[in-house]
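S.K.: how would this look folded up:
(one chain, ligands or ions: 2)
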Amino acid sequence: MEISVPATSANLGPGFDSLGLAVDLRNKVEFHPSKFFSVSIKGEGENNPRLKGNNLFIGIFNEHYTRLTKKKQNFKFTFYNQIPMSRGLGSSSAVIVSAVASAHEAAGIRVSKRRILNHALVYENHPDNITPAVMGGFNAATVEKNKVFSQKKHLPDYIKAVVIIPNKQMNTSRSRTVLPKSYSKDNAVYNLSHTALSVASFFNEDWEMLRLASHDRFHQKARMKMLPELFAVQKVAYESGALMSTLSGSGSTFFNMVYDEDAAMISNKLKQKFPEFSVKTLDFDNNGLIIER
Ligand SMILES: Nc1ncnc2c1ncn2[C@@H]1O[C@H](COP(=O)(O)OP(=O)(O)OP(=O)(O)O)[C@@H](O)[C@H]1O
Ligand SMILES: N[C@@H](CCO)C(=O)O
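M.R.: Numbers count the residues shown, from 1 in each chain. Ligands and ions are numbered 1, 2, ... in the order given. Alright, predicted model coming up:
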């Protein structure tokens with residue numbers, strides 16, 4: 001059994017806790033019943049001893065497997081991780097979604113993606129990362145009565161993501177503590193109108209409009225102050241022709257949307273100016289959660 005989930009970039013500027021999209025960088029897990037419990041990790045986290053035991057995945061997997069089967073069973077898990085942790089690329093969402101889906105598969109219970117998404121919401125109470133992680137593509141999402149309601153837009157392959165990933169980790173719960181406790185009516189209207197315009201631009205494929213529509217007054221500035229080089233990253237990305245340049249999730253990665261034909265040039269500029277950061281050009285992912293039986 002093999003289950004994989006893509007990385008995601010959430011917020012996309014003004015759409016705090018509501019907009020997100022999936023990129024083609026995946027965490028995969030293989031597992032099968034075994035006499036003894038074991039965890040092996042390849043890729044991101046392979047040198048972190050804390051992940052070899054009762055990590056976020058194992059806790060959620062066990063909770064669901066026990067609930068569904070009323071049985072205890074050991075498994076051998078092998079993780080192939082490509083998503084860097086605590087960098088704003090949805091590593092926790094990928095783990096949560098993959099654990100919920102794996103437990104259902106291990107129990108022999110087939111459920112819809114929507115059901116998996118609603119279970120995932122219990123562990124991450126905003127839907128902007130978990131929705132594209134499950135569904136793929138660009139998603140606008142909200143939560144009502146503990147359920148996610150969302151709309152998906154398939155992303156074409158002539159646009160790419162150029163992500164620039166600093167070494168510095170930014171833990172989401174910490175990164176939420178630096179945000180204002182309340183917003184003025186002017187700023188609320190600013191973000192509301194920019195979010196509405198962003199969603200319409202994605203659905204109408206008006207990528208150029210995103211340069212303006214993706215402006216934000218809710219969270220980026222406060223978070224970018226924790227790593228001030230990010231202001232320069234955004235400036236270089238826009239000067240080089242990025243269609244949008246936003247803090248990815250709660251940071252520290254910066255997400256840039258670019259035309260395919262500009263990707264190499266923009267990526268090279270960012271590499272030259274910020275040699276200490278890692279720059280990756282990625283396709284968008286329209287599949288989300290993939291289960292291979
Ligand atoms: N591959 C993994 N295996 C086990 N636990 C993981 C893995 N990846 C992430 N985690 C857990 O998720 C935490 C990171 O979650 P956090 O929300 O801070 O970052 P993120 O999800 O990468 O960023 P964002 O939500 O801004 O996109 C890690 O500290 C770890 O507990
Ligand atoms: N919307 C979330 C994304 C990170 O999980 C935030 O900005 O805190």
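
S.K.: Now do the top helix by length along the chain, average pLDDT.
M.R.: Within the chain, and with DSSP state H defining each element, the longest helix by residue count is helix 185-204. Averaged over helix 185-204, pLDDT sits at 98.

S.K.: need the contact list for residue 4.
M.R.: 26-29, 98, 289-290, 292 (CB atoms under 8 Å, 6 or more residues apart in numbering). Just so you know, the C-beta spots here come from the backbone N, C-alpha and C atoms, and that holds for glycine as well.

S.K.: near ligand 1, which residues of the chain show up?
M.R.: The interface of the chain toward ligand 1, taken as CB under 6 Å from any ligand atom, is made up of 10, 27, 45, 51, 55-57, 81, 85-93, 95, 129, 171-172, 249-250.

S.K.: Out of those, name the ones that lie in helices.
M.R.: Judged by DSSP H, the subset of these located in helices is 56-57, 91-93, 95, 129, 172.

S.K.: Any residues of the stretch 101-250 of the chain in contact with ligand 2? List them.
M.R.: Going by CB under 6 Å from any ligand atom, the residues of the stretch 101-250 of the chain near ligand 2 are 126, 128-129, 172, 176, 219, 249-250.

S.K.: Now tabulate the residues you listed in CSV and tack on pLDDT and distance to residue 160.
M.R.: Output for these, formatted as CSV (pLDDT from 0 to 100; distance: CB to CB, whole Å):
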residue, pLDDT, distance to residue 160
126, 97, 26
128, 98, 21
129, 98, 20
172, 94, 25
176, 96, 29
219, 98, 25
249, 98, 19
250, 97, 23
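
S.K.: Checking residue 174 next. Helix, strand or coil?
M.R.: Under DSSP: H, G, I helix; E, B strand; the rest coil, residue 174 falls in the helix class.

S.K.: Could you report the distance from it to ligand 2?
M.R.: Separation of residue 174 from ligand 2 (CB to the nearest ligand atom, to the nearest Å) stands at 10 Å.

S.K.: what's near enough to touch that residue?
M.R.: Counting by CB under 8 Å, 6+ apart, residue 174 makes contact with nothing.

S.K.: what's the pLDDT at it?
M.R.: The model reports residue 174 with a pLDDT of 92.

S.K.: now residue 166, nearest residue through space, not along the chain?
M.R.: Once flanking residues are discounted, residue 166 sits nearest to residue 252: 4.5 Å by CB to CB, 6 or more residues apart in numbering.

S.K.: wouldn't that neighbour be in contact with residue 171 here?
M.R.: No: here residue 252 lies out of contact with residue 171, judged by CB atoms under 8 Å, at a distance of 10.1 Å.

S.K.: which residues are common contacts for the two?
M.R.: Between them, residue 252 and residue 171 share no contacting residue, judged by CB under 8 Å, 6+ apart.

S.K.: Looking at these two, which is more packed in?
M.R.: The residue with more neighbours, out of residue 252 and residue 171, is residue 252; 27 against 13, by other CB atoms under 10 Å.

S.K.: rewinding a little: which residues are in contact with the next helix or strand after the longest helix of the chain?
M.R.: Using DSSP states H and E, the helix or strand that follows helix 185-204 towards the C-terminus is helix 210-213. Residues outside helix 210-213 that contact it (CB under 8 Å, 6+ apart) are 13-14, 194, 197-198, 201-202, 238, 242-244, 257.

S.K.: buried ones in helix 210-213?
M.R.: Residues 210-211, 213 are the ones in helix 210-213 that count as buried (16 or more other CB atoms under 10 Å).

S.K.: what does stretch 36-46 give?
M.R.: So for stretch 36-46, counting by 16+ other CB under 10 Å, buried means 39, 41, 44-45.

S.K.: Okay, and which of those residues map to strands?
M.R.: If you go by DSSP state E, those have 39, 41 in strands.

S.K.: Turn the buried residues of stretch 36-46 into JSON lines, columns for pLDDT.
M.R.: Output for those, formatted as JSON lines (pLDDT from 0 to 100):
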{"residue": "39", "pLDDT": "96"}
{"residue": "41", "pLDDT": "97"}
{"residue": "44", "pLDDT": "97"}
{"residue": "45", "pLDDT": "95"}
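
S.K.: what two of the buried residues of stretch 36-46 are the furthest from one another?
M.R.: 39 and 44 (14.0 Å; CB to CB).

S.K.: sorry, back to before: what packs against the longest helix of the chain?
M.R.: strand 19-33, helix 210-213 (3 or more CB pairs under 8 Å, 6 or more residues apart in numbering; DSSP states H and E).

S.K.: wait, which of the ones you listed is closest to residue 164?
M.R.: strand 19-33 (13.0 Å).
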